[in-house]
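Got a predicted structure plus its sequence, pasted below:
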Amino acid sequence: MQRKILIVDDEGSVRDLFQEIFTDRGYEVVAAEDGQKALEIARQTDLDVIFLDLKLFGMNGIELCRRIRKERPLSLIYAITGWAALFEIDECREAGFDDYFTKPLKIDTLYRAVEEAFEKIDRWRNRYGTGKPWNNS
């Protein structure tokens, strides 16, 4: 099974960075530049790990997290931001983020987060069998 990561960021350079570093590690990376596109992808694609920029045009990352969380309650969702002072950690937790990372992004930290996320997902799958009871499809 291909392990997929969704990255949602309005900065093309950030999307390109995720594409490059995670593709090299064998992951499939799906990218979106805004919340609407991300919601479409989340509804149509089996995703377990999602990175959302908090400051997006249109729908911000907090609202996007809430909406994705309804579609994919057990996906691991991480906030990424260059504007940490604008968003309180309590609001991120309440919205359903599992963790957050500030820009500039540290590649080793991202690798570790993704590896740990998929280890957790593997434990869930082993516990519940090969099917994914949380998949709303």
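Okay, I see it. Numbering: from 1, shown residues only.

residue closest to the middle of this protein?
The centroid of the chain falls nearest to residue 50 when counting by Cα atoms, centre = their mean (1.2 Å).

Which of the three states applies to that one?
Classification of residue 50 by DSSP: H, G, I helix; E, B strand; the rest coil places it in strand.

Show the contacting residues for it.
For residue 50, the contacting residues are 5, 6, 7, 8, 42, 68, 72, 75, 76, 77, 78, by Cβ atoms under 8 Å, 6 or more residues apart in numbering. Every residue, glycine included, has its C-beta placed from N, CA and C.

which parts of stretch 88-99 are buried?
Neighbour-count burial for stretch 88-99 flags 92, 95, 96, 97, 98 (criterion: 16 or more other Cβ atoms under 10 Å).

can you pull the alpha-carbon coordinates of it into PDB?
Taking C-alpha atoms only, stretch 88-99 is exported to PDB below (Å, rounded to 0.1, in the frame of the first residue of the first chain):
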ATOM      1  CA  GLU A  88      -2.900  29.900  19.800                       C
ATOM      2  CA  ILE A  89      -2.000  26.300  20.500                       C
ATOM      3  CA  ASP A  90      -5.300  25.800  22.300                       C
ATOM      4  CA  GLU A  91      -7.200  26.700  19.100                       C
ATOM      5  CA  CYS A  92      -5.000  24.300  17.100                       C
ATOM      6  CA  ARG A  93      -5.700  21.500  19.600                       C
ATOM      7  CA  GLU A  94      -9.400  22.200  19.700                       C
ATOM      8  CA  ALA A  95      -9.600  22.100  15.900                       C
ATOM      9  CA  GLY A  96      -8.000  18.700  15.900                       C
ATOM     10  CA  PHE A  97      -4.400  19.200  15.000                       C
ATOM     11  CA  ASP A  98      -2.000  16.500  16.300                       C
ATOM     12  CA  ASP A  99       1.000  18.700  16.400                       C
END
